[in-house]
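Participant: Pasting the sequence and the predicted model now:
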Amino acid sequence: MKVMNMMNIGLKTLRHAGLLMVLVLAAFTPLHGQQKLPVRVAMGDVSINKVPHLVALDNGLFDKYGLDVTLRPFSRGAAEKHGVPADVLDTIPEGEWHMSVGGGAPGMVSRANRSEPSDRVIIATTDHVVHWHIIAREGIETLEDLKGKRIGISSLSACTGIVVQILADRMGWDAERDLAILTGDYSVNPLKKGWVDAFIAYDVPLGQALMAGFKPMDIDMRAWNEPYPCNGLWASKSWAHANKETVMRYLKALTEAISMMKKDKTVAFRSMAKWYDFTDVEVQNIIYNGAVDMPRAPYPAVAGIKRVMELYDTGAMRRFQPEDFYDDSFMKELDESGFIDSLYE
């Protein structure tokens, strides 16, 4: 009887181990042959931290994980500012966007300031730390030289606005009184035309500025170690939980695309050339450098969300807690499954 009991325990153990193995394999196994889940995702701007989504599309990762993705690679406004061919936008069918990719700060401020209720949250963030550049006209060499000058950004609530406010905070300045912050065209054009004295440049405008003969100021913003929530994957929280399988599959494709970019930068170069028409290798390398800090597991940038709430300390913003702006449950489940670690083995 004792032997039989031991055998039964052994069989149960094997069955449990077998079930566990099946679940693990299912988490990592591509979904070829299964019905694809449709999802529409809109991106607004042109930057290296949006390239993983394009890499996933170009390398069949959405197909691999059973998704039928309609992806808008950028907005018409962004294409015009950065000289990117926008013909592809004419081929995208009309419809509701289930998820979007854009700056965490503008999304937070927009939600806080609107009267209509919203449950849109950040599900993943590919850009957690300030690492941009300041491009200035001749004669401006130090941060102190910027006091009282005209600084170009896209908008006060955008990631460029976050950076200029962090700059003012670090220098002990009043951003509104000690700087002339000008919004609108955040490309190199206003600097070339003398409309601004300097502008905040992320990777793409930096490449444009270098091609135009400008050089960035000798400032290492990465050394500031300032958190911010730029380029996040946004969705309605209720929609995301009602469509959890779609979200999880999308995150698998996204994290695998990040791993591909980290292992071989030419993967990113090909997508930059295809979608942005950036074919110069020097420019490609400059843009790619913006992804150095991109995390393997792109959790929502919680520290950055809290920093934005400090910088935009308004009555409208004080109605919210940091947890109102993000949902890390999807990334946590994917990360704890071992899927992301398996991409680097």
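Facilitator: Looks like it arrived, so ask away.
Participant: Centre of the chain to the host helix or strand of residue 56, how far?
Facilitator: Using DSSP states H and E, the secondary-structure element containing residue 56 is helix 51-58. Remark: helix 51-58 is offset 12 Å from the chain centroid, using C-alpha atoms, centre = their mean, to the nearest Å.
Participant: which stretch of helix or strand covers the residue nearest the centre of the chain?
Facilitator: Residue closest to the average C-alpha location in the chain (C-alpha atoms, centre = their mean): residue 231, at 2.6 Å. Assigned by DSSP H and E, residue 231 belongs to strand 227-236.
Participant: helix or strand right after that strand?
Facilitator: Where DSSP H and E defines the elements, the next helix or strand beyond strand 227-236 is helix 237-242.
Participant: buried residues in that following helix?
Facilitator: Within helix 237-242, the residues that count as buried by 16 or more other C-beta atoms under 10 Å are 237, 240. For every residue, glycine as well, the C-beta is placed using N, CA and C.
Participant: Packing partners of that helix?
Facilitator: Helices and strands touching helix 237-242, as assessed by 3 or more C-beta pairs under 8 Å, 6 or more residues apart in numbering; DSSP states H and E, comprise strand 120-129.
Participant: Run the chain-centre distance for the strand it packs on.
Facilitator: Centre-to-centre, strand 120-129 and its host chain are 6 Å apart (C-alpha atoms, centre = their mean).
Participant: list the helices and strands it packs on?
Facilitator: Judged by 3+ C-beta pairs under 8 Å, 6+ apart, the packing partners of strand 120-129 are helix 104-113, strand 227-236, helix 237-242, helix 244-263, helix 302-311, helix 329-336.
Participant: Would you indicate which residues of the helix or strand just after the last one are buried?
Facilitator: Next along the chain after helix 329-336, taking DSSP H and E as the criterion, comes helix 339-342. By 16+ other C-beta under 10 Å, the buried positions in helix 339-342 come out as 339, 340.
Participant: ok so, going back, strands paired with the strand holding residue 231, and their directions?
Facilitator: When pairs are called by DSSP bridges, strand 227-236 turns out to pair with strand 99-102 (antiparallel), strand 120-129 (antiparallel).
Participant: quick one: the residue nearest to the centre of the chain from residue 37, how far?
Facilitator: 24 Å (C-beta to C-beta, to the nearest Å).
Participant: do the same with residue 143
Facilitator: The span separating residue 143 from residue 37 equals 49 Å under the rule C-beta to C-beta.
Participant: Settle it for me: which of the two has more neighbours?
Facilitator: Between residue 143 and residue 37, counted using other C-beta atoms under 10 Å, residue 37 has the larger neighbour count: 18 against 14.
Participant: closest one to residue 284 among the strands paired with strand 227-236?
Facilitator: Residue 284 sits nearest to strand 120-129 of all the strands paired with strand 227-236, at 17.9 Å, using C-beta to C-beta.
Participant: which residues touch the residue nearest to the centre of the chain?
Facilitator: Residue 231 is in contact with 47, 49, 50, 101, 102, 103, 104, 125, 126, 127, 159, counting by C-beta atoms under 8 Å, 6 or more residues apart in numbering.
Participant: in the strand holding residue 231, what's buried?
Facilitator: For strand 227-236, burial by neighbour count (16+ other C-beta under 10 Å) applies to 227, 228, 229, 230, 231, 232, 233, 234, 235.
Participant: I'd like the distance between the fifth one and residue 341.
Facilitator: Look at residue 231 and residue 341: by C-beta to C-beta, they are 23 Å apart.
Participant: hang on, residue 293 packs against residue 126?
Facilitator: No: using C-beta atoms under 8 Å, residue 293 and residue 126 do not qualify as a contacting pair, with a distance of 9.5 Å.
Participant: So between these two, which is more surrounded?
Facilitator: Of the pair residue 293 and residue 126, residue 126 is the one with more neighbours under other C-beta under 10 Å, namely 26 against 14.
Participant: Nearest residue to the more buried one in space, ignoring adjacent ones along the chain?
Facilitator: Of all residues not flanking residue 126 in the chain, residue 49 sits nearest, at 4.4 Å (C-beta to C-beta, 6 or more residues apart in numbering).
Participant: Neighbours of that neighbour, how many?
Facilitator: 25.
Participant: backbone phi and psi for it, please?
Facilitator: Reported as degrees, to the nearest 10, the phi and psi values for residue 49 are phi -80, psi 0.
Participant: Residue 94: neighbour count?
Facilitator: A total of 5 residues lie near residue 94 under the criterion other C-beta under 10 Å.
Participant: Please read the previous query as pertaining to residue 135.
Facilitator: Residue 135 is flanked by 24 other residues according to other C-beta under 10 Å.
Participant: Enumerate every residue touching the closest residue to residue 293 other than its chain neighbours.
Facilitator: Once its chain neighbours are removed from consideration, residue 293 has its nearest residue in residue 129; the separation is 5.0 Å (C-beta to C-beta, 6+ apart). Contacts for residue 129 were tallied using C-beta under 8 Å, 6+ apart; they are 222, 225, 226, 227, 228, 293.
Participant: tell me the most buried of the strands paired with strand 227-236?
Facilitator: Between these, the one whose residues have the most neighbours on average, counting mean count of other C-beta atoms under 10 Å, is strand 120-129 (a mean of 25).
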